[in-house]
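Chemist: sequence and predicted structure, then a few things I'm wondering about:
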Amino acid sequence: MLKPIEHRIEIGDGKEIHLETGLLAKQADGAVIVRQGDTMVLCTVVMADSAREGQSFFPLSVEYKERLTAGGRIPGGFIKREGRPSDREILSCRLVDRSIRPLFADGLFNEVQVICNVISSDGQNHSDVLAGIGTSAAISIAGLPFHGPIAMVRVGRVDGAWVINPTVDELEASDLDLVVAGHMEAIVMVEGEMKEVDEAEMLEALEFAHTAIQSLCKVQQELVAQVNPTPRTFTPVVLDQSIVAQVNALIGTEMAAHVRAPYDKATFYGGVDQLTDKALDALLGSAGSEQGRNAHTEDGFSAGDIKDAVAEVERNAMREMILDESRRIDGRSLTEIRPIWMKVGLLPRVHGSSVFTRGETQVMASVTLGTARDAQDVDQLFDNKEKRFFLHYQFPPFCTGEARPIRGTSRREIGHGMLAERALASMMPSADDFPYTVRINADVLESNGSSSMASVCSGSLALMDAGVPIAKPVAGVAMGLIEGPSNTAVLTDILGTEDHLGDMDFKVTGTRDGITACQMDIKVQGLTRELLTKALGQAKDARLNILDQMDTVLSEARENLSPYAPRLTRVTIDPSFIGAVIGPGGRVIQGIQRETGTTIEIAEDGGVGIVTIAATDQASSDAALKIIKGIVTVPEAGEDYEGLVRKVEGFGAIIEIMPGKEGLLHVSELDHGYVDDVSKYMQVGDKVKVRLIEIRDDGKLRFSRKPFLPPPDPNAPVQERPRRDEGDRRDGRGGSRGRGGDRRGGGDRRGGGNRSHG
């Protein structure tokens, strides 16, 4: 019989989270269902019994799946099943991975696989934070060597009040979307976006989150106590300190001198490689060249052990120098930023471009402006809106001097690109102010730390170069941490080596007035408020410094767009005219596009018709706009118009004053005197100024040309009107065909409405 174990907890403003195990997926090492509202996530974990032979790292994999069936939907497209993971799925699994990875026991090299399946979605309660809670609970009840539990929450602020796990609707009204993970003592992971939140407010949000995290950790502890799992044993793979001592005796002094030598990336790593070769040669001797990878020392240490020992000697030398001397491997102080070089307008044919270089990290950003047709369709459980702004980040192998296969966009590229996109998104203009779809390509050309932050700076400059009216420039910087037995050092603008050998990577972006995005990963078991305060303060100082330097190159958006960018003109119309602009089968709108060389899009939003005209030059845009305005404008009696002669008859002329709006300029309104032949006054295709003198009840229009003629000369001889037989068809006011004078019976049989005339 099933004996499920359940625990419930209320967090925030009456939101209940429900944990349950023992009901589903019982053959997994640990399986937990987490529920909030009608959103449910099944989290499972399995650990291999032993590490693979030769395993040299911790093989943790996290998968997060959102199938549309959870929300009662079928995927679009021909193949009715989900394909590769969406960006949201990748970002969610990264949140979980980064939260749990630093808390597994040192030396655990057994493979661990976490799979989180969203099995029900109410479209309001977010599933990503539930996956973090469920993963921790599943790991804990499986008895894995894990320094948890941890919990994950989302923080928003609605009407000035902090909210835990805001719903989708609440998040729409929030000025902050922050995901925080931590355990009972400290915070271990942060990621989010915000609308210029200051550092004090950020700390307040983190503290508010940690209070809820502690409650969620406590309920997991209660669940684990009730399950009472048997702890899983494993054989730690730990480097023997005796080989570290041998290597340190051989190259320790040289390594200490090397980390203090004049720095560039190639020279630094080249020197480390030379010291590695020296240690290998000294410890393996001739066996190293003869046996290669299979060579071992007399004590049984392999070449891999020696390389690991060299890496530890390097790590210790760098960390001791930073902690004892406040000096970094490139000679900077702890708060110093690397030299910056920037350029805008580098690429002549793109709509906006820039290059941002900080030290040995360089990113080239290019901006492309498109129409609403270029917006990105989103088909996800919690988001179905079109995206008008997106940033794509590329990290090719040459940027680190490597040659390796390119296998599509990596999870790291998606994560870094989304961080940069979030950093800039809140500064983007609204669709009403700037009706373009905007794409940024951020290409990393060189990398030695913090390429995502360079993407933010380069992207901000490229947007301004493209003439995108962003509210304010945005910059970003990555902060690091070295934690010693008795002291710690917070590093500004970290190098790749400092990221690799250090204890934290805390990326912070923002304007002069506040933070717009952040992302924090750590390798220690948590950060105190004091360290967070210090890191945020140093990040702000660095950000302002970088913005000052960016202002010297370009401080605001250019007034004009690139000559190669489409010109978009947006007008609103009465939605009842949308059909008239489109025309039967789209013939009207297609004709306007052919005639003017433009692209026209029509949509209805909130009871308003929105027409967007895309053109390569202003003249074409103006021409299309004039035609559309003509279609949607209602003629008014007494107004003057410039019309086009469409047809000449004996009784007058048919004048078109707007597309689809024609009327009669009767012979009697053509001139002050008698008109014998209308063709003597005008021909088809002529332009003529007329006044609308009457709109009949049936919608037919009548014009007059007389108001634009000189007044008649009272002394001029009166021109006799020739006598005609009764019923003369040319008269138009008598005879057998009625008062209209037109054989069509006083009107145009082509129909009533605006095209008819009397």
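Modeler: Perfect, thanks for sending it. Keep in mind it's a predicted model, so treat the numbers as computed, not measured.

Chemist: where in the stretch 301-450 of the chain is pLDDT low?
Modeler: Within the stretch 301-450 of the chain, the stretches falling below the threshold (pLDDT under 70) are 379-381, 383-384.

Chemist: which residues of it fall in helices?
Modeler: 303-325, 411-425 (DSSP state H, counting those that start in this stretch).

Chemist: need these in CSV with mean neighbour count, can you?
Modeler: All C-beta atoms are positioned from the backbone trio N, CA, C, and that covers glycine. Output for the helices of the stretch 301-450 of the chain, formatted as CSV (neighbours: other Cβ atoms under 10 Å):
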stretch, mean neighbour count
helix 303-325, 19
helix 411-425, 22
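
Chemist: to T400, which of the ones you listed lies closest?
Modeler: Among those, helix 411-425 comes nearest to T400, with 12.5 Å by Cβ to Cβ.

Chemist: please enumerate residues in contact with the closest one?
Modeler: 87, 90-91, 93-94, 191-193, 389-395, 440, 442, 451-452, 455-456, 459-460, 463, 470, 474, 476, 507, 509-510, 516-517, 519 (Cβ atoms under 8 Å, 6 or more residues apart in numbering).

Chemist: okay, T267 and V259: tell me how far apart.
Modeler: Note on T267: its distance to V259, by Cβ to Cβ, to the nearest Å, is 12 Å.

Chemist: the more surrounded of these two?
Modeler: Shown here are T267 and V259; by other Cβ atoms under 10 Å, V259 has more neighbours (24 against 12).

Chemist: domain assignment for the chain?
Modeler: Annotated domains of the chain cover 5-227, 241-325, 340-551, 567-632, 640-712+726-755 [automatic domain parsing].

Chemist: in this structure K65 contacts V118, no?
Modeler: Yes: here K65 reaches V118: they are 6.6 Å apart, a contact under Cβ atoms under 8 Å.

Chemist: quick revisit: rank the domains of the chain by mean pLDDT and give me the bottom one.
Modeler: Here the lowest mean pLDDT among those goes to domain 640-712+726-755, at a mean of 73.

Chemist: what's the neighbour count on the closest residue to E559 other than its chain neighbours?
Modeler: Leaving aside its chain neighbours, E559 sits nearest to G467 (7.0 Å; criterion: Cβ to Cβ, 6 or more residues apart in numbering). Around G467 there are 19 other residues, counting by other Cβ under 10 Å.

Chemist: contacts only, for G467.
Modeler: So, once contact is read as Cβ under 8 Å, 6+ apart, G467 ends up touching 352, 557-562, 565.

Chemist: out of those, which is most surrounded?
Modeler: G352 (28 neighbours).

Chemist: what's the nearest residue to that one if we skip its chain neighbours?
Modeler: A466 (2.4 Å).

Chemist: just checking, the one you found touches S354?
Modeler: No: contact criterion Cβ under 8 Å: A466 and S354 do not qualify, at 9.4 Å.

Chemist: same drill for K65 and V118, tell me which one is more crowded.
Modeler: Between K65 and V118, V118 has the larger neighbour count (other Cβ under 10 Å), namely 25 against 19.

Chemist: that one in helix, strand or coil?
Modeler: Under DSSP: H, G, I helix; E, B strand; the rest coil, the three-state class of V118 is strand.

Chemist: quick one: it from A142, how far?
Modeler: Using Cβ to Cβ, which is the criterion applied here, V118 is 21 Å from A142.

Chemist: alright, I will stop here.
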